[in-house]
Each structure stands twice: as structure tokens, then as C-alpha cells.
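K.L.:
Need a 3D model of the sequence below.
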Amino acid sequence: MYSIDINFLKDPGRADYTPEAAAAAGPKMEIPGKAALIAGAAVGLAFPLLVGAAWVYFDRIENPRLEAERDELQRDLDAYLAKQQEFEAIQAEIGQIDRQTKALVTVFDRLKPWSALLQDLRDRTPAGVRIDAIAQLDPEDSSAPAEEGATGGPPTSIISIKGIAGSFNDVNDLMLAVQESPFFQSASTRLISATLTDHPSNQVEATETRFEGDLGEVVEYEIRTRIADFSATELLSELRRKGALGLTNRIQQLQNQGVL
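P.N.:
The predicted model follows:
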């Protein structure tokens, strides 16, 4: 449909039509200054409303949400720090147990079983030699220096071996046998004394056809050496052959457990 808008005031056919009347009847122009004032007033009123709305949003909604997130993160951090302290305490305890275990294992591994050492000496003693005394001396005794290339640990024990032999050669054979032993330091083995003397038993009596008289001369000797700075694991099979079964069984158990 169409609508017809007729302005009779602008009709030239009217008897009272004049250009001045037509101009007066046309649309009126607004003053730009008033529009600017109205727009400025509207903006001025809207800005405080927007600021207030934003403040209400942040104060009632956004800030509480952020504070809740902060509190949750703080609780998570506190729980993490507590777990970290617990973990560090456990690690310290494990470290202490490891050190104690290693120290205990080292004690077992560095043991020098006298039963094995004495058995080794018995096995190496020549037929013409008798061992009368074995003593452990002060490690600082200079008569048996430490073996060259030995570890920088504390000095090992000095062993004094005394007895009698049928000859000087027999004493020399004993000293060489001690030097070859894995339980003693070869370079530390020294002949301290070897003296030709009467047999300590002096006389022996015989019956019927057996003789009666003085025993021959013998050589009294003293040999000093140091116990080798070995570990039980290095000589495990040798220790087992010499009868140190208690120590070798413990070492074997530690090896099976992966400690050694």
C-alpha cells in the first residue's frame, strides 16, 4: 500500500500560497550545540553507571572467585611442601641406612680371619721347620715396613713368627713361603733373626736299641711380616679353602643380595 503525504501549505495552486509561507511551513533545523550538550549529559550519566556496574561485578563475582582459586592453590602448595619435607626426611633416613649398611659390609669385607691365616701358615711350613709362637705386634713397628703401593689406610697388623728349624735353608724356605702367601705382604716380610743354638729340648732318652744322647743344633728364627690389605671378596675362594666358612658364607649372602 502507498500513503500519500500532501502538504497543502506548499501547493502553488492555493490562493494564499507564497514562497515565504512555504519556507515557514518546511522542517525546522535543530541547533547543533544543544545536541552535543544532550549527548555529553547522556555519556556523563552512563559512565558512573558503567563504573558502578564494573565495581559490583569485580567485588561480588570476580574477586571472590580469584580469592577462592588463590586459597585452593595455597592449600595445594602447603600440601606439596609437607610432602616434600616428608620425602626429604625419608631420603635422609634412606641415606643413613645406606651408609650404615656400607659400613657394616665394609667391616665384613675387611675382616682378616685368623683361622684362615694360621691354616695358611701351617700349609706353607716346610717339613724341617717348627713354628712355636705367632704374635701380633704394634703396627708402627719399623722392622716390617709397609708394602710399596699399599693403600693409604691405617697400617696393617705386624705378625711375628718364631720357632726353630733344622737349618738356615729351612728358615729361608719358610720366609719365601710366607712371601708367596696372599694373606701377607711380600715386601714387608723380613728375617729378623736366625741363630744357631742347641735344641730347646736339650736331651732325649731312648730305650733298648734306641739311642740316648744330645739333640743336634737347631736354628732359632724370627720372621716378621704384615697382614695383606686384602678384602674378603678378593680372596673368597682362598678363604673357603682355608676353613673360614663363617665369613665366606656371610660374604656370599651379601653378594646374593646385591650389597657387594
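
K.L.:
Isn't E220 up against L191?
P.N.:
No - counting by C-beta atoms under 8 Å, E220 does not reach L191; the two are 12.0 Å apart. Backbone N, C-alpha and C define where each C-beta goes, glycine included.

K.L.:
The two: which is more packed in?
P.N.:
The neighbour comparison of E220 against L191 (other C-beta atoms under 10 Å) goes to E220, with 19 against 14.

K.L.:
where's that one relative to A127, distance?
P.N.:
Distance, E220 to A127, using C-beta to C-beta, to the nearest Å: 18 Å.

K.L.:
what's the answer for A103, then?
P.N.:
For A103 relative to A127 (C-beta to C-beta), the value is 44 Å.

K.L.:
Show me what the longest helix along the chain is packed up against.
P.N.:
The longest helix of the chain (DSSP state H) is helix 63-109. The contact analysis (3 or more C-beta pairs under 8 Å, 6 or more residues apart in numbering; DSSP states H and E) places helix 63-109 against helix 245-256.

K.L.:
For the helix it packs on, give me every contacting residue.
P.N.:
Residues from elsewhere that reach helix 245-256 (C-beta atoms under 8 Å, 6 or more residues apart in numbering): V105, F108, D109, L111, P113, A116, A232, T233, L236, L239, R240, L260.

K.L.:
Going by neighbour count, which of the residues you listed comes out on top?
P.N.:
L239 (27 neighbours).

K.L.:
Next one, pLDDT for that one please.
P.N.:
Note for L239: predicted pLDDT of 80.

K.L.:
Burial check on A177, number of neighbours?
P.N.:
Neighbour number of A177 under other C-beta under 10 Å is 19.

K.L.:
What separation do you get for it and G166?
P.N.:
Taken as C-beta to C-beta, the span from A177 to G166 is 15 Å.

K.L.:
Show me the shaky parts of the stretch 51-200 of the chain.
P.N.:
Along the stretch 51-200 of the chain, the parts satisfying pLDDT under 70 run over 51-54, 56-59, 108, 139-156.

K.L.:
Quick one: list the elements packing against the very next helix or strand once past the longest helix of the chain.
P.N.:
Per DSSP states H and E, the first helix or strand lying C-terminal to helix 63-109 is helix 114-124. Of the remaining helices and strands, those touching helix 114-124 by 3+ C-beta pairs under 8 Å, 6+ apart are strand 129-137, helix 168-179.

K.L.:
10 Å - rerun?
P.N.:
strand 129-137, strand 158-165, helix 168-179, helix 236-241, helix 245-256 (3 or more C-beta pairs under 10 Å, 6 or more residues apart in numbering; DSSP states H and E).

K.L.:
Tell me which of the ones you listed sits most buried.
P.N.:
Greatest average neighbour count among the helices and strands packed on helix 114-124 goes to strand 158-165 (a mean of 21), per mean count of other C-beta atoms under 10 Å.

K.L.:
How about Q119, nearest residue that isn't a chain neighbour?
P.N.:
Of all residues not flanking Q119 in the chain, K242 sits nearest, at 4.4 Å (C-beta to C-beta, 6 or more residues apart in numbering).
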